[in-house]
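Student: Mind looking at a prediction? Sequence and model below.
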Amino acid sequence: MKVVHTVRELRDQLRGQQRVAFVPTMGNLHAAHLSLMKLARQHGDPVVASIFVNRLQFGPNEDFDRYPRTLAADIAKLERERDVYVLFAPDEHEMYPEPQSYKVQPPDDLGSILEGEFRPGFFTGVCTVVAKLFACVQPRVAVFGKKDYQQLMVVRSMCRQLQLPVEILAHETVRDPDGLALSSRNRFLSVVERAEAPRLHRLLLRVCEAVRAGAVDGTALEARARADLTANGWEVDYVSLRRQRDLNPPVSGEIAAGEPLVVLAAAKLGHTRLIDNLEV
Ligand code: PAF
């Protein structure tokens, strides 16, 4: 695997390649990232991964400074798996050599709900860096995990509207055996919090099962899940049943009519904010 830190080196490595499959990450790689790389490998050649902790997508009170940076260990994992041909690991000056005054802003309907409501500016930061990474790597396909469900939808709509010639592939959420979705932030959980954390997934499962069993009052299901989390020490941002197609709440009758839904949640356990979702 070639590790490059500049756009120039990256372009030199990829000159003439038409079928690049790309996996953007913020590093601290775990099993879920490695399976994104495997999926990329099935859909293109060569596979390029990036590791860049993007300041632009973190709010002022978020965990940018303590976000784990483990480049040497990440490189060792990628070398072991042998799926990635080039790793692009730019520093901040390489990605943002001047203040980033041109930004890619997601539309209000998708960008300001759910994560966008609780993390203002988050999707502008994501879209801006993903568009820049796409410009650097020029992939034919790019792989994103479904754990960040709304991010996946935002990136897809950005590519559609900006007519970026990149096909976006979705990878299923990878979970620990007890159901907790893998995330770099899990490492911040104390032993007690780690034991509590799978509740989030269990409650999402319960909402899905209730909908499948014929429940039509989404608001009551959300409220019950929220109350259960709160009673167990979580600080809940949202638990919300939405339509898969646009992440809007289902309107009257849609749940009963079998509209494809997804239940999404974000909540803090101690200082660690976890997100998860399940398609119904
Ligand atoms: O999902 C992530 O790790 C990040 O949001 C991404 C897509 C790499 C952009 O910084």
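Tutor: All right, it came through fine. Numbers count the residues shown, from 1 in each chain.
Student: if I look at Glu209, how far off is the ligand?
Tutor: Note on Glu209: its distance to the ligand, by CB to the nearest ligand atom, to the nearest Å, is 28 Å. (Glycine included, C-beta is placed from N, CA and C.)
Student: Within the helices and strands, which one has the residue nearest to Trp234 when sequence neighbours are not counted?
Tutor: Excluding the flanking residues, the one nearest Trp234 by CB to CB, 6 or more residues apart in numbering is Ala267, at 4.4 Å. Secondary structure from DSSP states H and E places Ala267 in strand 261-269.
Student: Tell me how many other residues crowd the nearest residue to Arg212 once chain neighbours are set aside.
Tutor: Residue nearest to Arg212 in three dimensions, not counting chain neighbours: Val280, with 6.8 Å by CB to CB, 6+ apart. Neighbour count for Val280, taken as other CB atoms under 10 Å: 19.
Student: any idea how far whichever helix or strand comes after the strand holding Ala267 is from the chain center?
Tutor: Heading C-terminal from strand 261-269, the first helix or strand you meet, by DSSP H and E, is strand 272-279. On the basis of CA atoms, centre = their mean, to the nearest Å, strand 272-279 is displaced by 10 Å from the centre of the chain it belongs to.
Student: Mind listing what's buried along strand 272-279?
Tutor: Thr272, Arg273, Leu274, Ile275, Asp276, Asn277, Leu278 (16 or more other CB atoms under 10 Å).
Student: same thing with stretch 56-64?
Tutor: The neighbour-count check on stretch 56-64 (16+ other CB under 10 Å) flags Leu56, Gln57, Phe58 as buried.
Student: For it, C-alpha coordinates in CSV please.
Tutor: The C-alpha coordinates for stretch 56-64 follow below in CSV (Å, rounded to 0.1, in the frame of the first residue of the first chain):
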residue,chain,number,x,y,z
LEU,A,56,-15.1,21.7,9.3
GLN,A,57,-17.7,19.1,10.4
PHE,A,58,-17.2,19.5,14.1
GLY,A,59,-19.1,22.1,16.1
PRO,A,60,-17.3,24.3,18.6
ASN,A,61,-18.3,22.2,21.6
GLU,A,62,-17.7,18.8,19.9
ASP,A,63,-14.9,16.3,20.1
PHE,A,64,-12.6,17.5,17.3
